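Colleague: Need the 3D shape of this:
(one chain, ligands or ions: 1)
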Amino acid sequence: MSRVFSGIQPTGNIHIGNYLGALKQFVDLQDEHDCIYCIVDHHAITVPKSAEELSESIMNVAALYLAVGIDPKKSIVFVQSDVPAHAELGWILTCSSTTGELSRMTQFKQKSKERESVPTGLFTYPALMAADILLYDTGIVPVGDDQKQHIELTRDLALRVNGKYGEDTFIVPEGRYMKSGARVMSLVDPTSKMSKSDENEFSRISLMDTPAKIKKAIMRATTDSDGIIKYDIENKPGISNLLSIYSAFTGKTVEALEQQYDGAGYGTLKKDLVEVVVESLAPIQEKYNEIRHSEELVKILKDGAERADAIAQETMKRVKKNFGLGIRL
Ligand code: TYM
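Modeller: Below is the predicted model:
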């Protein structure tokens, strides 16, 4: 049984892209696999933010993990900085990576665009992400499409280290991507992905948005003007995005939706989608409000960190031995 590991950055508001691309998979996988889900706060400080904002976001994401259906009896849920081995293995993997390959990461290129001086952590971030994954002998990493390049780099680093320091050092993991939902696009500009950092709040739907905000965002979502409900990413990115979101929430195929809405107007599709999204998010919001400020949440994270730490320490013993690090007689 392959182990599953994934993480989400505690930055901004978690949106339906994060949910449909990643969180939904987290929940689906926990019955068949041994799963570890992390709130990756070390990653969040690659772009500086206030202590208050960060600690608030960490607890918000933790509560959302549970609210979407991650069950702490089945899965380990913890905060990255509570397990020091992430930083330790992160350094070791930074030393096994090259500036050439890190410079090729499209996310780094985008985030460093037009900056005169770029925080070093933004550059070495993928080595830390590889450490997160490899630390737990992970076989499967459920993520959205935008993380594909980082997963490939993780695989490259694992293979490189294994070749040099011993084949038993790391398990080489695989990414896992949803059929619909792997790349949810912005509702304002459907040619770019939905993102936590977009300045326009109507570009995304956050999991805690009110029905009124959800309605506004969907009803004003950018579409084309030919009035035909058809999935065609190239020529009709707006409608294709709405169909994908609809499909990911309901499990109906895009083809079935095209048939269902054949001859209907965009307004009808949008109105129905508002209902689907509002109804899907309501139970998540209810559970979130129940647990966000509970002692139980703190207990779950502490217990999760202890269990994660025990696994991580075993891996670090092996890694240090293979690299020749530390004291030895
Ligand atoms: P982050 O925090 O940006 O996003 C969390 C997860 O949501 C997915 N995602 C999307 N999926 C579909 N459509 C979108 N518009 C969309 N936007 C985001 C992401 O692919 C991700 O799965 N580097 C990671 C965090 C990380 C991690 C890890 C993930 C750190 N260490 C180890 C897996 C394993 C990130 O920044 O995700």
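
Colleague: Which residue comes closest to residue 68 once chain neighbours are left out?
Modeller: Distances taken as Cβ to Cβ, 6 or more residues apart in numbering put residue 23 closest to residue 68, at 4.9 Å, once the chain neighbours are dropped. C-beta here means a position set from N, CA and C on the backbone, and glycine is covered the same way.

Colleague: what sits against the one you found?
Modeller: The neighbours of residue 23, taking Cβ atoms under 8 Å, 6 or more residues apart in numbering as the test, are 8, 14, 64-65, 68, 70.

Colleague: Return the distance of the lengthiest helix in the chain from the chain's centre.
Modeller: Longest helix of the chain, by residue count under DSSP state H: helix 295-323. Centroid displacement of helix 295-323 relative to its chain, using Cα atoms, centre = their mean, to the nearest Å, is 20 Å.

Colleague: Please renumber the chain so that the first residue is 3 from this point on.
Modeller: With the count now opening at 3, the last piece we talked about shows up as helix 297-325.

Colleague: Now it: buried residues?
Modeller: Residues of helix 297-325 classed as buried: 299, 302-303, 306-307, 310, 313-314, 317-318, 321-322, 324-325 (neighbour count, 16 or more other Cβ atoms under 10 Å).

Colleague: Please enumerate the helices of the stretch 3-152 of the chain.
Modeller: For the stretch 3-152 of the chain, applying DSSP state H, counting those that start in this stretch gives helices covering 18-20, 26-31, 43-46, 53-70, 87-98, 101-105, 108-114, 122-136, 150-167.

Colleague: what's the third one packed up against?
Modeller: I take that to be helix 43-46. helix 53-70, helix 87-98, helix 122-136 (3 or more Cβ pairs under 8 Å, 6 or more residues apart in numbering; DSSP states H and E).

Colleague: Of all the ones you listed, which one comes closest to the ligand?
Modeller: helix 122-136 (3.9 Å; Cβ to the nearest ligand atom).

Colleague: Helix, strand, or coil at residue 236?
Modeller: Of the three states, residue 236 takes coil under DSSP: H, G, I helix; E, B strand; the rest coil.

Colleague: What is the neighbour count of it?
Modeller: 6 (other Cβ atoms under 10 Å).

Colleague: Residue 140 pairs with what?
Modeller: As for beta bridges, residue 140 partners with residue 5 under DSSP bridges.

Colleague: try the one 4 residues further on
Modeller: In this structure, residue 144 bridges to residue 178 when assessed by DSSP bridges.

Colleague: so what's it up against?
Modeller: 6, 8, 24, 27-28, 31, 177-179.

Colleague: Include neighbour count and pLDDT when you put those into a markdown table, please.
Modeller: Below are the contacts of residue 144 laid out as a markdown table (neighbours: other Cβ atoms under 10 Å; pLDDT from 0 to 100):
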| residue | neighbour count | pLDDT |
| --- | --- | --- |
| 6 | 24 | 98 |
| 8 | 24 | 98 |
| 24 | 25 | 98 |
| 27 | 23 | 97 |
| 28 | 23 | 98 |
| 31 | 21 | 97 |
| 177 | 20 | 98 |
| 178 | 19 | 98 |
| 179 | 18 | 96 |
